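[1] everything below, folded, please.
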Amino acid sequence: MSVNRRTQAGRDRDPDHRRPAQAPARERRSQAQRRQHTRQALLDAALVQMDAGVGFDALSIRSVARLAGVVPTAFYRHFDSLDELGLALVQESVRTLRAMLRQAREGWPPPEQMIQRSVAILVSHVREHRAHFAFIARVRSSGNEVLRHAIRNEIRLFASELATDLVRLPVLREWTTDDLQMIAGLIVDTMIATIEAILDVPTAGSAGHPASPETEAEIARRAEQQLRLIMLGVPHWRSRR
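    Presented below is the predicted three-dimensional model:
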């Protein structure tokens, strides 16, 4: 086999992409980087189609792969099915938000400051990842039971993690587990309602910024008030074991 033919055979063994122009040696990515790039391209392609109005159950592996710039068989190197891709989108959206809100509670600042910080993070994250949360909002009421169950599970984990953190507050140290879960659920429900309200605000351009900043600011202000009201009731609640 000649040198040219051996080079061509090496290219043919990379079945994911459609033979892009060869990059300089210093820019070549490792195999793990290429796999991650392809996986992310598939996730992004699914979001783009759904953002354009295609329902999740109407997606096809062929259309997702085509938009991602890979051959259809490459899809199965990253996901066993479209449901598995959807689960990855759910995890990517919710877990990042959970981590950011956990950071907002670090050091346990005064409740007023923690509420403001948490709402600001929530609004900013939803704005920057609008397509992810629009997907979750639609799937929560869709017919796909696999994804609906995954979202419910992520919300339960969100509330459980928050309840575990809340017990560090002196006023909540004697509360029962059930009551801690109750107040954590109220806080998480408020956040979910805030996310849905933000998604209802039209955007201006492709950057995800609201067409009506005043409306988004009012949503944030209302979320802060609701969270304050929840916390104001804490000292008056008698948690009994």
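[2] surely Met191 touches Ala220?
    No - using C-beta atoms under 8 Å, Met191 makes no contact with Ala220, being 11.6 Å away. Glycine gets a C-beta too; all of them are placed from N, C-alpha and C.
[3] okay, the two: which has more neighbours?
    Met191 (22 against 19; other C-beta atoms under 10 Å).
[4] what pLDDT does that one get?
    If you check Met191, the pLDDT there is 93.
[5] before we move on, what about the one 3 residues further on?
    Looking at Thr194, its pLDDT is 95.
[6] confirm that it sits in a strand.
    No - read with DSSP: H, G, I helix; E, B strand; the rest coil, Thr194 is helix and lies in no strand.
[7] could you count how many residues lie near it?
    With neighbours defined by other C-beta under 10 Å, the count for Thr194 comes to 21.
[8] show me the contacts for it.
    Residues near Thr194 by C-beta atoms under 8 Å, 6 or more residues apart in numbering: 119, 122-123, 219-220, 222-223.
[9] in helices, which of those residues fall?
    When those are checked against helices (DSSP state H), the matches are 119, 122-123, 219-220, 222-223.
[10] how about those residues, which pair is most distant?
    Leu122 and Arg222 (12.4 Å; C-beta to C-beta).
[11] and the two? which has more neighbours close in?
    Under the neighbour definition other C-beta under 10 Å, Leu122 and Arg222 were set side by side, and Leu122 has more, 21 against 15.
[12] any chance of a markdown table for the contacts of Thr194, columns distance to Leu59?
    A markdown table is the format used below for those (distance: C-beta to C-beta, whole Å):
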| residue | distance to Leu59 |
| --- | --- |
| Val119 | 33 |
| Leu122 | 28 |
| Val123 | 29 |
| Ile219 | 30 |
| Ala220 | 33 |
| Arg222 | 35 |
| Ala223 | 32 |
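[13] next, give phi and psi for Thr203.
    phi -100, psi 160 (degrees, to the nearest 10).
[14] show me the contacts for the residue nearest the centre of the chain.
    Note on the chain: the residue nearest the mean C-alpha position is Ser93, at 0.7 Å, using C-alpha atoms, centre = their mean. The contact partners of Ser93, taken as C-beta under 8 Å, 6+ apart, are 129, 132-133, 135-136.
[15] so it sits in a helix?
    Yes - if the criterion is three-state DSSP, then Ser93 is within a helix.
[16] quick check: it vs Val64, distance?
    Between Ser93 and Val64 the computed distance is 17 Å (C-beta to C-beta, to the nearest Å).
[17] what's the neighbour count on Ile195?
    By other C-beta under 10 Å, neighbour count at Ile195 equals 21.
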